[in-house]
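Undergrad: Based on what follows, work out the 3D shape:
(one chain, ligands or ions: 2)
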Amino acid sequence: MKLCRFQIGPSRPRIGLVRDQGTILDLSAEGIDQLTSLFEFEGLAAQLGALANQSLPQHSLTDVKLLAPVEQQEVWAVGVTYLRSKKARMEESDFSATAYDKVYDAPRPELFFKSMPEKVVGPGEAVGIRRDATWNVPEPELAFLINSRGHIVGYTIGNDMSSRDIEGENLLYLPQAKIYERSCALGPFVTVGVSEAEARTWKIELEIQRAGAAVFKGETSVGQIKRTFAELVEYLFRSQKFPHGAVLLTGTGIVPPDGFTLASGDVARIGISGVGTLESPVVVV
Ligand code: DO4
Ligand code: MG
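TA: Numbering: from 1, shown residues only. Ligands and ions are numbered 1, 2, ... in the order given. Here you go, the predicted structure:
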């Protein structure tokens with residue numbers, strides 16, 4: 001079962017239940033207009049199942065603008081959760097290489113703040129590459145939607161845009177490599193009612209297009225994430241409260257070859273088999 005946040009014309013954002021290939025049920029007719037409060041429902045999937053059988057207004061997906069599925073949630077990320085990420089980062093950095101090696105095996109994961117919700121870009125909106133960076137990549141990641149009680153209520157697609165030259169120069173520059181204008185994209189759908197075991201069977205794919213042709217293609221599986229989902233969420237919620245819930249990006253397992261950098265005009269297309277496809281044109285910021 002999938003949810004989305006959408007808008008028709010200049011109206012305020014609404015919540016939709018994706019019914020089949022091209023249609024969404026408008027939950028605002030039931031007074032549901034915020035994902036944040038919906039995520040607090042006990043037995044969310046069952047309640048959505050009941051709503052799916054009601055005669056609610058419907059819209060074609062082609063008639064709405066899909067928005068990032070985030071409202072007041074802070075967006076955080078974990079890193080070095082895939083072997084591929086650890087290896088690539090050790091190679092790109094000279095004197096910080098052991099930090100990646102150590103964190104991959106340490107009990108405590110790497111966790112970092114990624115974005116304020118209002119800075120997240122949605123499906124079809126541009127992601128940014130920094131004008132002072134020379135080596136930029138998208139990071140295709142499964143993202144957890146977590147409620148205020150620390151329960152994973154859904155999954156979406158995240159793009160943790162990163163400047164590899166800035167991170168590689170000095171690990172203390174990580175916030176600059178990770179947090180800047182248009183550096184985080186989320187969407188288009190939130191898949192709910194799925195167990196960790198099922199999510200681990202999902203395939204993640206990245207395709208980067210330049211002038212209409214694919215210049216990079218890669219894939220991995222959610223099952224390659226080294227740590228359990230519960231472990232990641234437990235660390236995020238340690239000594240912290242998230243009254244509106246949080247979004248957690250779970251790390252990348254796809255890294256383009258070292259000679260590759262994104263360019264303005266490229267399109268990054270991230271597919272996660274259980275969620276959908278998040279497509280983002282690239283601009284310099
Ligand atoms: O260690 C730096 C960031 C790691 C990351 O973003 C990832 O592994 O996806
Ligand atoms: Mg990442």
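
Undergrad: For the closest residue to V120 other than its chain neighbours, give its distance to ligand 1.
TA: Computed as Cβ to Cβ, 6 or more residues apart in numbering, the closest residue to V120 that is not its neighbour in sequence is A68, at 4.6 Å. C-beta coordinates here come from the backbone N, C-alpha and C atoms, glycine included. Distance of A68 to ligand 1, computed by Cβ to the nearest ligand atom, to the nearest Å: 19 Å.

Undergrad: Who are the contact partners of A68?
TA: Neighbouring residues of A68 by Cβ atoms under 8 Å, 6 or more residues apart in numbering: R5, P117, V120, V121, G122, P123, E125, A185, L186, G187.

Undergrad: Please enumerate the strands of the stretch 151-285 of the chain.
TA: Remark: strands assigned in the stretch 151-285 of the chain by DSSP state E, counting those that start in this stretch are 152-160, 162-163, 184-192, 203-210, 213-221, 246-249, 267-272, 276-284.

Undergrad: The ones you listed: which one's closest to ligand 2?
TA: Set against ligand 2 and scored by Cβ to the ion, these come closest in strand 152-160, at 3.6 Å.

Undergrad: Packing partners of that closest one?
TA: Judged by 3 or more Cβ pairs under 8 Å, 6 or more residues apart in numbering; DSSP states H and E, strand 152-160 is in contact with strand 74-79, strand 140-146, strand 184-192, strand 246-249, strand 267-272, strand 276-284.

Undergrad: sorry, back to before: need the max-distance pair from the contacts of A68.
TA: Maximum pairwise distance in the contacts of A68, criterion Cβ to Cβ, is 15.5 Å, between P117 and P123.

Undergrad: quick one: which of the two has more around it?
TA: P123 (23 against 18; other Cβ atoms under 10 Å).

Undergrad: is it fair to say the more buried one lies in a strand?
TA: No. Counting by DSSP: H, G, I helix; E, B strand; the rest coil, P123 is not found in a strand; it is coil.

Undergrad: pretty sure it contacts P69?
TA: No. In this structure P123 lies outside contact range of P69 using Cβ atoms under 8 Å: 9.5 Å.

Undergrad: List, one by one, the residues from the protein near ligand 2.
TA: E139, D160, T252 (Cβ under 5 Å from the ion).

Undergrad: Who wins on neighbours among those?
TA: Among those, the one with the most neighbours (other Cβ under 10 Å) is T252, at 28 neighbours.

Undergrad: any idea of the pLDDT on it?
TA: pLDDT, T252: 98.

Undergrad: picking up where we left off before, need the overlap of contacts for P123 and P69.
TA: G187, P188.

Undergrad: What residue in the protein comes nearest to ligand 1?
TA: Of the chain, the residue with the smallest distance to ligand 1, taken as Cβ to the nearest ligand atom, is G79 at 2.4 Å.

Undergrad: So what sits opposite that residue in the bridge?
TA: E110 (DSSP bridges).

Undergrad: Name the nearest residue to A126, sequence neighbours excluded.
TA: V283 (4.4 Å).

Undergrad: Going by neighbour count, list what's buried in stretch 5-16.
TA: R5, F6, P13, R14, I15, G16 (16 or more other Cβ atoms under 10 Å).

Undergrad: can you tell if stretch 267-278 touches ligand 1?
TA: No. Stretch 267-278 does not reach ligand 1 (Cβ under 6 Å from any ligand atom); its nearest approach is 12.9 Å.

Undergrad: What is the burial count for the residue nearest to T250 when sequence neighbours are not counted?
TA: Leaving aside its sequence neighbours, T250 sits nearest to L142 (Cβ to Cβ, 6+ apart; 4.9 Å). Close neighbours of L142, defined as other Cβ under 10 Å, add up to 26.

Undergrad: Would you confirm that L142 contacts T201?
TA: No. Here L142 does not reach T201: they are 11.8 Å apart, not a contact under Cβ under 8 Å.
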